[in-house]
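In: Generate a structure from the sequence data that follows.
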Amino acid sequence: AEVPCGVLGDRIGLKKTMFLGYALQGVWIVILIFSHSYPLFLLGYAMLGIAIALRSGATEAWIYEFLVERGQPQLMTRAQGALWSWMLAGRIASALLSVVVVRSATDGYFVLALALSATSFFLSALLITTIRDVRQHEVEEQPASLTLVGDGLKLLRSNAKLRRIAILTVLTDPMQYALLFLYQP
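Out: Presented below is the predicted three-dimensional model:
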């Protein structure tokens with residue numbers, strides 16, 4: 001979903017893409033709360049995949065465009081490091097908070113934790129609307145989005161090592177999310 005979401009981000013802008021990503025993560029959790037069947041559960045995780053794809057590239061692009069506006073694109077590595085450290089701090093804090101919220105392994109406490117998580121994603125989406133958008137940096141003779149997709153597919157067909165890396169990534173990358181998000185509940 002990264003490529004189509006990147007194309008969408010190019011079309012509608014980074015701010016709207018980020019808003020959609022956070023809002024869809026909230027929707028994902030609402031779906032999980034009401035998931036009493038495996039197909040609905042899978043629908044929720046498909047929604048999560050799209051949300052993560054929307055947010056991942058847009059976040060870095062947004063930061064980069066802010067740095068370009070300030071004349072400091074060379075600070076991108078530092079900015080990414082700061083972003084990742086703050087995200088890690090938030091994950092640690094949320095893990096500690098979950099001990100307070102989920103006092104025992106009962107459905108009610110898990111639903112409460114999920115509802116609070118959904119609320120935080122919806123609030124994050126609303127906060128995104130308060131941040132000014134950036135004007136995306138124009139690249140001279142930028143190829144059409146579908147041309148980029150086609151070129152990428154040709155590259156995958158012609159390069160066996162790249163194809164192997166892509167297949168291994170598709171098969172193994174979801175495992176970390178399964179362990180993080182599925183194991184505890």
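In: From now on I want contacts and neighbour counts done on CA atoms only, so please keep to that.
Out: Fine.
In: helix or strand for Glu65, which one?
Out: For Glu65, the element it lies in under DSSP states H and E is helix 38-69.
In: which helices and strands does that helix pack with?
Out: helix 2-12, helix 14-33, helix 76-101 (3 or more C-alpha pairs under 8 Å, 6 or more residues apart in numbering; DSSP states H and E).
In: Just the buried positions in it, please.
Out: For helix 38-69, a neighbour-count test (16 or more other C-alpha atoms under 10 Å) marks 41, 44-45, 47-59, 61-68 as buried.
In: swap in stretch 89-104?
Out: Those would be Val102, for stretch 89-104 by 16+ other C-alpha under 10 Å.
In: now what about it, what contacts it?
Out: By C-alpha atoms under 8 Å, 6 or more residues apart in numbering, the surrounding residues in contact with stretch 89-104 are Tyr109, Phe110, Leu112, Ala113.
In: In helices, which of these fall?
Out: Taking DSSP state H, the ones among the contacts of stretch 89-104 that sit in helices are Tyr109, Phe110, Leu112, Ala113.
In: For the first one, which non-adjacent residue is spatially closest?
Out: In this case it means Tyr109. Leaving aside its sequence neighbours, Tyr109 sits nearest to Val102 (C-alpha to C-alpha, 6 or more residues apart in numbering; 4.9 Å).
In: hang on, the earlier thing: any of the ones in helices among the contacts of stretch 89-104 buried? List them.
Out: For the ones in helices among the contacts of stretch 89-104, a burial check counting by 16+ other C-alpha under 10 Å picks out Tyr109, Phe110, Ala113.
In: Relative to Met47, how far out is the closest residue to Phe110 other than its chain neighbours?
Out: Spatially, and ignoring its direct neighbours in sequence, Phe110 is nearest to Val102 (6.2 Å; C-alpha to C-alpha, 6+ apart). The gap separating Val102 from Met47 is 24 Å, by C-alpha to C-alpha, to the nearest Å.
In: Next: Gly71.
Out: 36 Å.
In: re earlier: what values do phi and psi take at the residue nearest to Phe110?
Out: Dihedral pair for Val102: phi -90, psi 90, per degrees, to the nearest 10.
In: Find me the pLDDT at it, would you?
Out: On the pLDDT scale, Val102 is placed at 80.
In: Please apply the same query to Glu69.
Out: Predicted confidence (pLDDT) for Glu69: 87.
In: so who does it touch?
Out: Glu69 neighbours (C-alpha under 8 Å, 6+ apart): none.
In: Apart from its neighbours in sequence, what residue is nearest the spatially most central residue of the chain?
Out: Closest to where the C-alpha atoms of the chain average out (C-alpha atoms, centre = their mean) is Ile52, at 2.2 Å. Leaving aside its chain neighbours, Ile52 sits nearest to Gly21 (6.4 Å; criterion: C-alpha to C-alpha, 6+ apart).
In: go on, Leu156?
Out: Leu156 sits nearest to Arg163 (C-alpha to C-alpha, 6+ apart), 5.1 Å away.
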